[in-house]
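Asks: Below are the sequence and a predicted model; questions follow.
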Amino acid sequence: MRFLRQSMMGLFLASLTAALLLYAGHLIFGAIDAQLNAERKVPPVRERVYAVNVVTAELQTVAPELTAFGRVESRRTLELRTAAGGRIVQLSEDFEEGGAVRAGEVLVQIDPADAQAALDRAEADMMDARAEERDAGRALILVQDELQATQDQAQLRERAFQRQVDLQERGVGTAATVETAELAAVQARQTVISRRQAVSQAAARTDQAATRVARAQIALDEARRDLDDTTITAGFDGILQSVSLVQGRLVSANEKLADLVDPGLLEVAFRVSTAQYARLLDGDGRLLEAPVRVRLDAAGAGLSAEGRVSRASGAAGDGQTGRLVYASLGLAPGFKPEDFVTVHVTEPEVRAVARVPASALGVDSTVLLLDGKDRLETLPVELVRRQGEDVLIRGFGLEGREVVTGRTPLLGAGIKVRPLRQGAEAQVLPELIELTSERRARLMALVEGNSRMPTEMKAKMLQQLAEAKVPARLVSRIESRMGG
């Protein structure tokens with residue numbers, strides 16, 4: 001009986017277990033069937049709102065500024081070279097690199113002994129030429145006097161001959177007397193011709209003496225110039241550079257000793273593109289005398305000077321593009337030739353343009369504007385100038401509209417945004433702000449869900465979000481970049 005009772009109990013428990021298993025399977029299959037046949041409920045999609053910085057486009061008249069790089073040069077430079085060779089016997093105390101000299105100051109003296117001797121010989125030759133000239137002049141006067149006396153004698157002989165002819169015609173004279181008188185007249189004329197020849201020779205001697213004097217004067221002037229060339233003086237007030245000379249050194253003719261530059265007459269040469277050069281021309285094609293500001297960043301000491309555009313190079317230059325422009329500088333303390341400087345040229349004014357950050361302009365020459373419902377719309381604009389990190393633009397319907405300053409691939413026409421306006425941003429987003437628990441949790445979830453962020457940066461941002469006050473810039477960056 002005991003065996004039968006235990007067997008019946010075991011059978012009952014087995015039947016109950018099977019029934020429970022069947023019931024459980026039925027419930028599972030029913031739940032799966034209900035899940036498969038049930039209508040899916042899609043959760044509502046919340047529109048993503050991006051925070052953007054905006055500025056108001058105000059049309060104004062702007063004088064654009066052209067920026068280029070140039071080199072400072074001196075408008076008056078003199079190469080000091082030796083016209084004669086020799087030994088340096090004297091140097092000025094200021095003849096050194098960077099030495100300041102005055103106009104007319106003796107800088108270098110070459111040994112003048114040979115040049116002085118040549119000058120003395122030239123002066124002696126001049127004295128001989130002058131003496132010869134005087135002697136030739138006296139000889140010419142004497143010969144002319146002899147010619148005059150010979151001519152008078154010839155006239156007397158001719159009159160005597162005529163008297164003898166008259167006497168013969170009247171039957172008083174004889175033929176022999178006439179012939180003797182005629183022969184004397186002919187000899188007198190021959191003597192006149194000889195004296196004329198002597199006068200001609202004396203005149204030629206006088207001309208030769210004058211030529212000798214002229215040649216002696218040329219030689220004397222040349223000797224004086226050679227003597228003067230042994231002394232090198234400063235042509236104007238200036239500064240010496242590239243000095244390569246010591247006292248006692250032998251120098252050759254035309255050897256360069258130094259450069260003399262005028263530090264008060266400086267100009268800057270800078271190269272611009274052809275389009276930029278065209279903007280510096282007036283209606284007649286002449287170069288404008290545009291204002292120029294030159295800056296030299298010398299280890300933070302910012303030296304600056306002002307000037308005006310003076311001229312442009314006559315050619316573009318071999319292997320060069322654009323135009324080489326020169327600007328004369330006014331008072332420029334601290335500037336030296338060969339300085340590499342930054343040049344800012346003020347261009348003619350342009351009217352009715354808006355100045356906005358360069359990041360606001362898209363590659364398709366459009367900007368994003370806010371409509372009345374904080375949604376974006378595109379507007380085609382014309383790029384007038386680029387000014388550093390800003391651009392000057394104009395377009396129909398641009399005035400007074402709010403322009404998005406930072407374009408990202410997530411922004412486009414029709415996107416709803418939360419504008420962050422300049423001037424009010426400091427009040428809307430203080431440096432440190434307090435977050436509600438919901439906003440903090442949402443921001444932390446956005447950071448944790450970003451798989452592209454480095455682990456170290458993610459841990460740092462989560463630590464900042466866990467604090468009581470969170471940097472406003474961090475919150476704005478997370479919400480703008482991650483769709484908060």
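Replies: Looks like it came in fine.

Asks: For Val381, give me phi and psi.
Replies: Phi and psi for Val381, reported as degrees, to the nearest 10, are phi -130, psi 170.

Asks: any idea how far Leu66 is from it?
Replies: Look at Val381 and Leu66: by CB to CB, to the nearest Å, they are 21 Å apart. Bear in mind the C-beta positions are built from the backbone N, C-alpha and C, glycine included.

Asks: out of these two, which sits in the busier spot?
Replies: Val381 (24 against 21; other CB atoms under 10 Å).

Asks: quick one: contacts for the closest residue to the more buried one other than its chain neighbours?
Replies: Nearest residue to Val381, sequence neighbours excluded (CB to CB, 6 or more residues apart in numbering): Gly395, at 3.6 Å. Neighbour list for Gly395: Val367, Leu379, Pro380, Val381, Glu382 [criterion: CB atoms under 8 Å, 6 or more residues apart in numbering].

Asks: how far away is Gly395 from Ser365?
Replies: Counting by CB to CB, the gap from Gly395 to Ser365 is 9 Å.

Asks: Now the common contact residues for these two.
Replies: Residues touching both Gly395 and Ser365 (CB under 8 Å, 6+ apart) are Pro380, Val381, Glu382.

Asks: where's Glu182, which helix or strand?
Replies: Glu182 belongs to helix 175-229 when elements are defined using DSSP states H and E.

Asks: Work out the gap between that helix and the centre of the chain.
Replies: 69 Å (CA atoms, centre = their mean, to the nearest Å).

Asks: Show me what the helix or strand just after that helix packs onto, helices and strands only.
Replies: Once the chain leaves helix 175-229, the next helix or strand it forms, by DSSP H and E, is strand 231-233. Packing contacts for strand 231-233, counted by 3 or more CB pairs under 8 Å, 6 or more residues apart in numbering; DSSP states H and E, involve strand 106-110.

Asks: Which secondary structure elements does the very next helix or strand once past the strand it packs on sit against?
Replies: Where DSSP H and E defines the elements, the next helix or strand beyond strand 106-110 is helix 113-169. The contact analysis (3+ CB pairs under 8 Å, 6+ apart) places helix 113-169 against helix 175-229.

Asks: and the angle from the helix it packs on to strand 106-110?
Replies: Here helix 175-229 runs at 120 degrees with respect to strand 106-110, directions being taken by axes from the mean of the first three to the mean of the last three CA atoms, to 10 degrees.

Asks: name the helices or strands packed onto helix 175-229?
Replies: Secondary-structure packing of helix 175-229 (3+ CB pairs under 8 Å, 6+ apart): helix 113-169.

Asks: my guess is Ile232 contacts Leu257, does it?
Replies: Yes: counting by CB atoms under 8 Å, Leu257 is a contact partner of Ile232 at 7.2 Å.

Asks: Need the residues touching each of the two.
Replies: Residues within reach of Ile232 and of Leu257 at once, by CB under 8 Å, 6+ apart, are Leu80, Thr82, Val108.

Asks: tell me which of these is nearest to Arg279?
Replies: Within the shared contacts of Ile232 and Leu257, the smallest distance to Arg279 is 41.6 Å, found for Leu80 (CB to CB).

Asks: remind me which residues of this protein are low pLDDT?
Replies: Per-residue confidence for the chain (pLDDT under 70) gives these ranges: 1, 3, 38-46, 173, 298-301, 422-431, 480-484.

Asks: For the residue nearest the centre of it, give me its contacts.
Replies: Centroid-nearest residue in the chain, with CA atoms, centre = their mean: Phe270, separated by 1.7 Å. The contact partners of Phe270, taken as CB under 8 Å, 6+ apart, are Ala68, Phe69, Gly70, Arg71, Leu324, Val325, Ala327, Val343.

Asks: again, but for Gln241
Replies: Glu97, Gly98, Ala258, Asp259, Val261, Pro337.

Asks: and Ile433, what helix or strand is that in?
Replies: Using DSSP H and E, Ile433 falls in strand 432-434.

Asks: so which of the contacts of Phe270 is the most crowded?
Replies: That'd be Val325 among those, by other CB under 10 Å, with 26 neighbours.

Asks: Let me see the contact set for the residue nearest to it when sequence neighbours are not counted.
Replies: Of all residues not flanking Val325 in the chain, Ala312 sits nearest, at 5.0 Å (CB to CB, 6+ apart). Counting by CB under 8 Å, 6+ apart, Ala312 touches Tyr277, Leu287, Arg323, Leu324, Val325, Tyr326.

Asks: Just the residues you listed: which are in helices?
Replies: Tyr277 (DSSP state H).

Asks: In TSV: the contacts of Ala312, plus distance to Arg102.
Replies: As requested, the contacts of Ala312 are arranged in TSV below (distance: CB to CB, whole Å):
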residue	distance to Arg102
Tyr277	40
Leu287	36
Arg323	38
Leu324	33
Val325	33
Tyr326	28
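
Asks: which one of the contacts of Ala312 is nearest Ala204?
Replies: Using CB to CB, the contacts of Ala312 come closest to Ala204 at Tyr326, 60.8 Å.

Asks: Pick the one among the contacts of Ala312 closest to Lys373.
Replies: Using CB to CB, the contacts of Ala312 come closest to Lys373 at Tyr277, 47.1 Å.

Asks: nearest residue to Pro112 other than its sequence neighbours?
Replies: Spatial nearest neighbour of Pro112, chain neighbours left out: Thr230 (4.4 Å); criterion: CB to CB, 6+ apart.

Asks: Check Val178 too.
Replies: For Val178, ignoring the flanking residues on the chain, the nearest one in space by CB to CB, 6+ apart is Gln164 at 4.5 Å.

Asks: number of nearby residues for the one you found?
Replies: By other CB under 10 Å, 23 other residues sit near Gln164.

Asks: cool, Arg323 as well?
Replies: If we define neighbours as other CB under 10 Å, then Arg323 has 20 of them.

Asks: repeat for Gly362
Replies: Using other CB under 10 Å, Gly362 has 15 other residues around it.

Asks: Okay, and the beta partners of the closest residue to Leu361 other than its chain neighbours?
Replies: Distance criterion CB to CB, 6+ apart; nearest residue to Leu361, sequence neighbours excluded, is Val391 at 5.3 Å. Going by DSSP bridges, Val391 is paired in beta bridges with Val356, Arg386.

Asks: mind listing what Val391 touches?
Replies: Applying CB under 8 Å, 6+ apart, the residues near Val391 are Arg355, Val356, Pro357, Ala358, Ala360, Leu361, Leu383, Val384, Arg385.

Asks: Neighbour count and distance to Ala154 added to the residues you listed, as JSON lines?
Replies: Formatted as JSON lines, those follow (neighbours: other CB atoms under 10 Å; distance: CB to CB, whole Å):
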{"residue": "Arg355", "neighbour count": "17", "distance to Ala154": "109"}
{"residue": "Val356", "neighbour count": "23", "distance to Ala154": "114"}
{"residue": "Pro357", "neighbour count": "16", "distance to Ala154": "115"}
{"residue": "Ala358", "neighbour count": "13", "distance to Ala154": "111"}
{"residue": "Ala360", "neighbour count": "24", "distance to Ala154": "116"}
{"residue": "Leu361", "neighbour count": "20", "distance to Ala154": "113"}
{"residue": "Leu383", "neighbour count": "14", "distance to Ala154": "107"}
{"residue": "Val384", "neighbour count": "18", "distance to Ala154": "104"}
{"residue": "Arg385", "neighbour count": "17", "distance to Ala154": "102"}
